[in-house]
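> Fold the stuff below for me.
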Amino acid sequence: MAKLTIADLKKIKEKVQSETALREGGQRAKVTVHMGTCGIAAGARAVMDSLMNEIAEAGVSDVMVTTSGCAGMCSKEPMVTVELIGQEPIIYGTMDANKMRQVFKRHVQLGEVQTMFAMARG
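From the prediction side, this is the model:
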């Protein structure tokens, strides 16, 4: 599998922003992949790839994907924060591609918090 470059991540970010900007806040979910140096070293790129593939396969257009730097808990990286409208944010830790697929399918799409991976609420 080819590794993502910074340019690839910028293209992904621009594509998602252009798709979501047209709806002016019509997103029902926001997923943040923490991609600080520690997150990337722990596998955040594979988590991001998995998330983007799941979004593409599901054909959803109301999920905003963002990235952030380190959240301060390097030992729990890669981390992902899922925010659904009307619900408190859930932070997931020690994520991998398979866990991301499950979180997307169960939490983002169905609203079922995956407590076995969740680290914090709010």
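> Output stretch 114-122 in CSV with nothing but the alpha carbons.
Taking Å, rounded to 0.1, in the frame of the first residue of the first chain, the C-alpha atoms of stretch 114-122 are listed here in CSV:
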residue,chain,number,x,y,z
GLN,A,114,-18.3,1.7,20.4
THR,A,115,-17.5,1.6,24.1
MET,A,116,-14.8,-1.0,23.8
PHE,A,117,-12.6,1.5,21.9
ALA,A,118,-13.9,4.7,23.6
MET,A,119,-11.5,6.6,25.9
ALA,A,120,-13.6,9.7,26.8
ARG,A,121,-16.9,11.5,26.3
GLY,A,122,-17.3,15.2,26.0
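> for it, what is the average pLDDT?
Taken as a whole, stretch 114-122 has a mean pLDDT of 91.
> For it, list every residue counted as buried.
114, 117 (16 or more other Cβ atoms under 10 Å). All C-beta atoms are positioned from the backbone trio N, CA, C, and that covers glycine.
> out of everything not next to it in sequence, what's closest to Arg28?
Using Cβ to Cβ, 6 or more residues apart in numbering and skipping the chain neighbours, the partner closest in space to Arg28 is Asp62 (4.8 Å).
> Ala46 too?
Nearest residue to Ala46 in three dimensions, chain neighbours excluded: Ala97, at 4.9 Å (Cβ to Cβ, 6+ apart).
> ranges for the strands of the protein?
With DSSP state E, the ranges of strands along the chain come out as 29-34, 63-68, 80-84, 90-92, 118-121.
> burial count for the residue nearest to Ala46?
For Ala97, the count of nearby residues is 18 (other Cβ atoms under 10 Å).
> Many thanks, I have nothing further to ask.
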